[in-house]
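In: what follows is a predicted protein model with its sequence.
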Amino acid sequence: PKESTSWPREDRLFQQIFQQVRDPLSAISAMDTLTAAEWEFIGNHTPEVPGLATLQPLALRGMVHYVTWNRMLEEHATWRYRIEDANVSFVCMQAGLLLDRCYRHKTSDKESQRGRIGTLAWADLDRLSMAWADALRVMALRYGYGRALSPFLVDTRAGPPQDALAHHG
C-alpha cells in the first residue's frame, strides 16, 4: 500500500480539519451499511486505489478505505480524536460550533454499530491481504488501539497488566 496521498496540503479549504478515528475492526465491520453512491464518492476521492468502490470482498474494501482515507487525513488534520473517547463539548468548542448544534446531531451507539459483515479478527484481515492488514495494524497502534498487537507479541515496556497489579495490592 502506498504511504502517502496525492492531495497537496496547501489546497485545504478549511481552517481546521478533524480526524475522527474508530477502532478499525469495528469500523470495517460496519462499512457494509454504506450505499453504492457513498462507495462511489469514496472511490472518487481515493485515486490511489482504482476500483476501490467495487473491490471485493467487502471487508478488504473497508480495510483499504480505512488505511487510505486515514493516511490522507493524517497529512491534513489539525486535530485527531478517537470516537470512543470523544468529549463532544471539547470537539465542538475546537470547531467553533454551538454546543446545542453538536448534541442535536449526535448519532446513537445503536445506529453506529449496525454492520452485517460480522465480528472481524485480525486473522480475517491477514487472510485478505497481509500488506494492507500490516498497514492497518501500524495505524491502529498509532491511534491507541492496543489489541492490534499479535496475541503472541507482548510489549514488556508497558509493564504488567493493570488487573495483575490489583491482585498483588
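Out: Everything's here; your move.
In: now do the SS call for residue 48.
Out: Assigned by DSSP: H, G, I helix; E, B strand; the rest coil, the conformation of residue 48 is coil.
In: can you pull the phi and psi angles for it?
Out: Backbone torsions of residue 48, given as degrees, to the nearest 10, read phi -70, psi -20.
In: tell me which residues touch residue 96, please.
Out: Residues in contact with residue 96 (CB atoms under 8 Å, 6 or more residues apart in numbering) are residue 16. Glycine gets a C-beta too; all of them are placed from N, C-alpha and C.
In: okay, helices next: where are they in the chain?
Out: Ranges of helices in the chain, per DSSP state H, are 24-30, 36-44, 58-76, 88-95, 99-104, 109-112, 122-128, 130-142, 162-167.
In: can I get those helices in a markdown table with mean neighbour count, mean pLDDT and distance to residue 50?
Out: Listed next are these as a markdown table, based on neighbours: other CB atoms under 10 Å; pLDDT from 0 to 100; distance: least, CB to CB, whole Å:
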| stretch | mean neighbour count | mean pLDDT | distance to residue 50 |
| --- | --- | --- | --- |
| helix 24-30 | 21 | 93 | 20 |
| helix 36-44 | 14 | 94 | 8 |
| helix 58-76 | 20 | 93 | 11 |
| helix 88-95 | 14 | 78 | 33 |
| helix 99-104 | 10 | 69 | 37 |
| helix 109-112 | 10 | 45 | 29 |
| helix 122-128 | 16 | 94 | 18 |
| helix 130-142 | 17 | 94 | 15 |
| helix 162-167 | 8 | 35 | 46 |
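In: quick one: closest of those to residue 18.
Out: Residue 18 lies closest, by CB to CB, to one member of the helices of the chain: helix 88-95, at 6.5 Å.
In: residues contacting that closest one, please?
Out: Residues outside helix 88-95 that contact it (CB under 8 Å, 6+ apart) are 16, 18, 79, 81, 98-99, 101-103, 106.
In: make it 10 Å
Out: Applying CB atoms under 10 Å, 6 or more residues apart in numbering, the contact partners of helix 88-95 are 14-18, 20, 78-79, 81, 83, 87, 97-103, 105-106.
In: restricted to strands, list those.
Out: Of the positions in the contacts of helix 88-95, 18, 20, 79, 81 sit in strands, assigned by DSSP state E.
In: identify the farthest-apart pair in those.
Out: Of all pairs in the ones in strands among the contacts of helix 88-95, the most separated under CB to CB is 20 and 79 at 9.2 Å.
In: rewinding a little: columns distance to residue 52 on top of the helices of the chain, output as TSV?
Out: TSV is the format used below for the helices of the chain (distance: least, CB to CB, whole Å):
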stretch	distance to residue 52
helix 24-30	14
helix 36-44	4
helix 58-76	6
helix 88-95	28
helix 99-104	31
helix 109-112	22
helix 122-128	14
helix 130-142	12
helix 162-167	40
